[in-house]
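Undergrad: predicted model and sequence follow; I will ask about them next.
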Amino acid sequence: MVEVTRRREIEDAASVLFHARGYAATSVRDIADALSIRGPSLYAHVASKEDVLAAIVERVAERFERSADAAEAATAGLGANARLEALVRAHVRAVTIDPGAASVFVDEWRHLSEPRRSRILQRRDAYEARFRDVIVQGRSDGSFVLVDPGIAAAFLLTAVNGITDWYRVDGFLSPDQLADAYADLALRSLTEATP
């Protein structure tokens, strides 16, 4: 249990640094300093800085996927509006649990080497496909305006992922308030015809 706790402490400290400085600008010594341990001691718990990045990215990817799975299960058989709203709300909540780690997932996964990078890219593509599929459904049944599903999904996910840049857990909006606002904006962007 102590090893798991120390490993998570390392990941959490690295997450803060990767979010603030970026992966490339953060050294193993920086991570060790943040934990008040010596650099070589860090290697007793992790094999490399990239292994730490991979662990953070995998954990956040799983959080997004589990949240989306729950949203899809709760709205199975419902219309595109309800399904999209649930997916957006789930994504916002997954981001707001730990915006720093979500930021690392969104911005730093590209620093992973192969085959890790390709596996994460496949997961990201599969996740984005959930949004595209709902948009296709909404276009087909007339719920949504005729927009390119790929562009619309990228637009929505870019907007929601942008929360990582400014959201603060102790800020003025609760995760539910933020989820309400983003779900409303997402639906408006796909249901209201432009003038």
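TA: Done, it's in. Everything numeric here is computed off the predicted structure, so don't read it as measured data.

Undergrad: Val46 reaches Ile56, doesn't it?
TA: No: taking C-beta atoms under 8 Å as the definition, Val46 is not a contact partner of Ile56, at 11.3 Å. All C-beta spots, glycine's among them, are computed from the backbone N, C-alpha and C.

Undergrad: which of the two has more residues huddled nearby?
TA: Ile56 (25 against 18; other C-beta atoms under 10 Å).

Undergrad: got the contact list for that one?
TA: 11, 14-15, 18, 101, 104-105 (C-beta atoms under 8 Å, 6 or more residues apart in numbering).

Undergrad: any idea how far Leu187 is from it?
TA: 31 Å (C-beta to C-beta, to the nearest Å).

Undergrad: repeat that for Asp125.
TA: Distance from Asp125 to Leu187, by C-beta to C-beta: 24 Å.

Undergrad: return the helix or strand in the chain with minimum mean pLDDT.
TA: Within the chain, no helix or strand scores below helix 39-42, which has a mean of 75 by mean pLDDT, DSSP states H and E.

Undergrad: so where is the chain shaky, pLDDT-wise?
TA: Residues of the chain meeting the criterion pLDDT under 70: 1-4, 193-195.

Undergrad: ok, now with 50
TA: Along the chain, segments meeting pLDDT under 50 span 1-2.

Undergrad: geometric centre of it: which residue is closest?
TA: Ala102 (4.6 Å; C-alpha atoms, centre = their mean).

Undergrad: list the contacts for the residue nearest to it when sequence neighbours are not counted?
TA: Nearest residue to Ala102 in three dimensions, chain neighbours excluded: Val95, at 4.5 Å (C-beta to C-beta, 6 or more residues apart in numbering). By C-beta under 8 Å, 6+ apart, the contact list for Val95 reads 102, 160-161, 163-164, 167.

Undergrad: out of those residues, name the ones that lie in strands.
TA: Per DSSP state E, strands hold no members of the contacts of Val95.

Undergrad: now tabulate these in CSV and tack on distance to Arg29.
TA: As requested, these are arranged in CSV below (distance: C-beta to C-beta, whole Å):
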residue, distance to Arg29
Ala102, 25
Val160, 34
Asn161, 30
Ile163, 31
Thr164, 26
Tyr167, 29
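
Undergrad: all set now, cheers.
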